[in-house]
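Trainee: Provided below for reference: sequence and predicted model.
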Number of protein chains: 2
Amino acid sequence: MASMATFFTKTSYPTHSFPKTYNAHFAPTLRLHVSLGSKKKTNQRLQISCGLIEPDGGKLVELLVEESQIDGKKREALSLPRIKLSRIDTQWVHVLSEGWASPLGGFMRESEFLQTLHFNSLRLDEGSVVNMSVPIVLSIDDSQKHRIGESSKVALFDSKGNPVAILKDIEIYKHPKEERIARTWGTTAPGLPYVDEAITHAGNWLIGGDLEVIEPIKYHDGLDHYRLSPAELREEFTRRNADAVFAFQLRNPVHNGHALLMTDTRRRLLDMGYKNPILLLHPLGGYTKADDVPLNWRMKQHEKVLEDGVLDPETTVVSIFPSPMHYAGPTEVQWHAKARINAGADFYIVGRDPAGMGHPVEKRDLYDADHGKKVLSMAPGLERLNILPFRIAAYDKTQGRMAFFDPSRPQDFLFISGTKMRTLARNKENPPDGFMCPGGWKVMVDYYDSLVAASNGKVPEAVPA
Amino acid sequence: MASMATFFTKTSYPTHSFPKTYNAHFAPTLRLHVSLGSKKKTNQRLQISCGLIEPDGGKLVELLVEESQIDGKKREALSLPRIKLSRIDTQWVHVLSEGWASPLGGFMRESEFLQTLHFNSLRLDEGSVVNMSVPIVLSIDDSQKHRIGESSKVALFDSKGNPVAILKDIEIYKHPKEERIARTWGTTAPGLPYVDEAITHAGNWLIGGDLEVIEPIKYHDGLDHYRLSPAELREEFTRRNADAVFAFQLRNPVHNGHALLMTDTRRRLLDMGYKNPILLLHPLGGYTKADDVPLNWRMKQHEKVLEDGVLDPETTVVSIFPSPMHYAGPTEVQWHAKARINAGADFYIVGRDPAGMGHPVEKRDLYDADHGKKVLSMAPGLERLNILPFRIAAYDKTQGRMAFFDPSRPQDFLFISGTKMRTLARNKENPPDGFMCPGGWKVMVDYYDSLVAASNGKVPEAVPA
């Protein structure tokens, strides 16, 4: 339930001071497909001067094979035992291939899986700790395990039969589904979307190893140009000469409360002395539950928000975060924050009940709305990240716009929940002026129109955002 | 399922090297009731020379009020809102009061509770991390919360109406039972013993704060002299001039496989160059499930094992660990290990499936038998502790004694499970000669006899150990 907006609030939990040292020697590991022209040299000089936050483990792990090796790796893949990837598996290959989960070099082996479940973090060989809160694992069933036999490598194929990657030095271990679910979600109640989609019917084994990705994952949905890798985002922030990057994770349409928060964050960072804070507006693009607004509609809506001037394109980078959504609340918000460190963000905005949802069985929220920001502020491996919590904003009827909620005059404020927003759009009613830019609102109405058209007038009831 | 015995095995998981530095300045915080005589001075000199492992957080936290304050605190307690402690609550007050959970200074506040659930560890103010894997919390119900109102302190009373402690600077927060259970046990299946006993019917709120314990917790069961506090154990190890302390947690009768392991551990520590390794034989004395052998019978059995010379009293300290049992496998084994650091142990022996049990609903073990030692070897805050894993031993029919299992001649070995052992004792049959010392075995038979006598011949079937 991504909350409506805004304003920083002082939290009683340990907050993080600003990074004490910028690493002047940082240079990102460039994608191997990127040619090393003069532009890159300029970037490196800029990077040295502005110092983006270091990736976890000190180095962005990218798993794409060199261009010259692609043909050889494809031939090798055809000779290996095969695993067919599901849609979510492919999204994880994408995530891993670009280093969002750095320093993870492939699907988790058992030691990484157990550390993730029990500690939400991984201890590296030299003793330092990085955050890692959701298992990034690949499951196989008994017959696949049998077919793999003693092979030390397997090939991963997409649904069309193309070789996507090779997993090497593999380790096969038991898939303790119940324990994985309980420790990741804090419940085993039936009806968790990711569990239903990717775990319940998955195989009884997990297979970990080092990943060699043969070609970049593309979706050919007209949105691939929005899918910047962490290295590409780092290049972009460097090109813009950013001295602070603040990330805003979202999976809902942007309304003016969100926008208020983001512009206010930039103002505050300027007040703190930063010269050019850049916003990473970073909608999640992987698997989402059926009643969320689909990615293509959300991107249309975000485009309108920028067109309408609600956010400043000069200081905003819109990109898609390729991870699938767990809806695992305080556990998942750590993953969302950690991945953005790898993309160069040193500030992370967190709202009420991040990555939360309704309890699938009981009539209550699954997570305490405050646990997400509390857990995030204490999470191992995220000490370098500046957590920016914010409290509720609402529609101020006296001003006719979204504003920071003022508890001294509650009667002046109107709270428009995600459910309310969707109901209005579905019924082609307008929200109060100033709630969302008109272009963005029209996208919402069009989306619900398209649902009605597709289902002969029956639109499934949305659950709260 | 505490495994039968023994022998170290090389694990593929990160094992810990021996402590790199001994802290020559370590001096335990003595119990405030202990007089500072000449004996103590001697101890301190010895401690400086032999250097026991430092307690977590650098200092043993003891929560007993000074003797001169007892009367005043009792009067104060009578004036405060009251919470009546359950049997398990009282055991936790005991645990906290003596510093087993150092640096924890009382029942957990929400930030500690959340860190325990998510990270199995606590970050201290100066940035270091200590292990803390099981929530040590006190629950209250709605009416108790209402009665406490705005008070910043409450008094904790035992079942007889005596004031036990004062909890101050209290924080009351929601008790998310389902999430607590899921994250601690990795399941929410009905029938978990600790959950049934202490959580299901507990109140919807938790109350944390700083504990002032008015008088040491005593049980008056003839075993209090075995209940040495961490400070007393440290004094004892120092008196014996220990230069290594290896802890063996158990909640079952000791058989010769266990004994073989313990004597072999000492031999290996001597081989490594230690001059005087001391064994802490440390049966758990708090809450256990109904079909475990009760503490008083286990202590009788352990006494016989020492009398019969199976273990050397010169190099063995037998004491009772006052914690209640969770049966939470890999999560709980960390607590068992961490608490022993606070008592001065720098080596911890871990077997198959520590703190495990059968799944309460499905026909399988609740935990993978190897996860306990793997999780323990990677646990944050336990890096200083040397983890000593061991593998199965069994009864060697060719030698007529318990021996390390030799996989090249499996036919020579007889595995005697906990269930088998209990069945034999219940039926007054003898195990093979050399399985357990005769005095110890007689205690087992007597125990099951006492059950038969108490229940007119009907003995409940034991579940596997």
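Mentor: Arrived safely.
Trainee: near chain B, which residues of the stretch 51-200 of chain A? Just list them.
Mentor: A:110-111, A:114-115, A:117-121, A:123, A:127, A:129, A:133, A:174, A:176, A:178-179, A:182-183, A:185-189 (CB under 8 Å from any CB of the partner chain). Backbone N, C-alpha and C define where each C-beta goes, glycine included.
Trainee: pairing partners for the longest strand belonging to chain A, with directions?
Mentor: Identified as the longest strand of chain A according to DSSP state E is strand A:163-174. With DSSP bridges as the test, strand A:163-174 is paired with strand A:153-157 (antiparallel), strand A:205-213 (antiparallel).
Trainee: which residues touch the first one?
Mentor: In this case it means strand A:153-157. A:76-78, A:80-85, A:89, A:93, A:138, A:148, A:163-170, A:207, A:209 (CB atoms under 8 Å, 6 or more residues apart in numbering or on different chains).
Trainee: any of these buried? List them.
Mentor: A:76-77, A:80-83, A:85, A:89, A:93, A:138, A:148, A:163-168, A:170, A:207, A:209 (16 or more other CB atoms under 10 Å in any protein chain shown).
Trainee: close to chain B, is stretch A:343-360?
Mentor: No - applying CB under 8 Å from any CB, one finds stretch A:343-360 separated from chain B by no less than 8.6 Å.
Trainee: from the middle of its chain, how far away would that stretch be?
Mentor: Its chain's C-alpha centre lies 9 Å from the corresponding centre of stretch A:343-360 when counted by CA atoms, centre = their mean, to the nearest Å.
Trainee: give me the mean pLDDT for the helix or strand containing A:M421.
Mentor: Element membership of A:M421 [criterion: DSSP states H and E] is helix A:418-426. Across helix A:418-426, pLDDT averages out at 84.
Trainee: likewise stretch A:394-406?
Mentor: 91.
Trainee: please apply the same query to stretch A:68-82.
Mentor: Averaging pLDDT residue by residue across stretch A:68-82 gives 98.
Trainee: which other residues reach that stretch?
Mentor: So stretch A:68-82 is contacted by A:65, A:144, A:147-149, A:151, A:153-157, A:163, A:165-166, A:212, A:214-215 (CB under 8 Å, 6+ apart).
Trainee: and if we set it to 6 Å?
Mentor: A:65, A:147-148, A:151, A:153-155, A:157, A:163, A:166, A:214 (CB atoms under 6 Å, 6 or more residues apart in numbering or on different chains).
Trainee: would you point out the most distant pair within those?
Mentor: The distance between the two most remote of the contacts of stretch A:68-82 (CB to CB) is 24.1 Å, for A:V65 and A:R147.
Trainee: who's more crowded, the two?
Mentor: A:V65 (20 against 14; other CB atoms under 10 Å in any protein chain shown).
Trainee: my guess is that one contacts A:E212, does it?
Mentor: Yes - using CB atoms under 6 Å, A:V65 is in contact with A:E212, at 5.2 Å.
Trainee: what is the neighbour count of the residue nearest to A:A182 when sequence neighbours are not counted?
Mentor: Distances taken as CB to CB, 6 or more residues apart in numbering or on different chains put B:A182 closest to A:A182, at 3.9 Å, once the chain neighbours are dropped. The number of residues packed near B:A182 is 24, by other CB under 10 Å.
Trainee: quick one: the strand or helix carrying B:A182 to chain centroid distance?
Mentor: For B:A182, the host element (DSSP H and E) is helix B:177-185. Taking CA atoms, centre = their mean, one finds helix B:177-185 lying 21 Å from the centre of the chain it belongs to.
Trainee: which parts of the stretch 201-350 of chain A are helices?
Mentor: A:230-239, A:256-271, A:295-307, A:329-342 (DSSP state H, counting those that start in this stretch).
Trainee: now do the first one: distance to the chain's middle.
Mentor: Looking back up the chat, that one is helix A:230-239. On CA atoms, centre = their mean, the centre of helix A:230-239 falls 17 Å from that of its chain.
Trainee: and the third one, by the same measure?
Mentor: Once both centres are worked out by CA atoms, centre = their mean, helix A:295-307 turns out to sit 17 Å from its chain's centre.
Trainee: just checking, what packs against that helix?
Mentor: Using 3 or more CB pairs under 6 Å, 6 or more residues apart in numbering or on different chains; DSSP states H and E, the elements in contact with helix A:295-307 are helix A:438-454.
Trainee: what average pLDDT does the helix it packs on get?
Mentor: Per-residue pLDDT over helix A:438-454 has a mean of 91.
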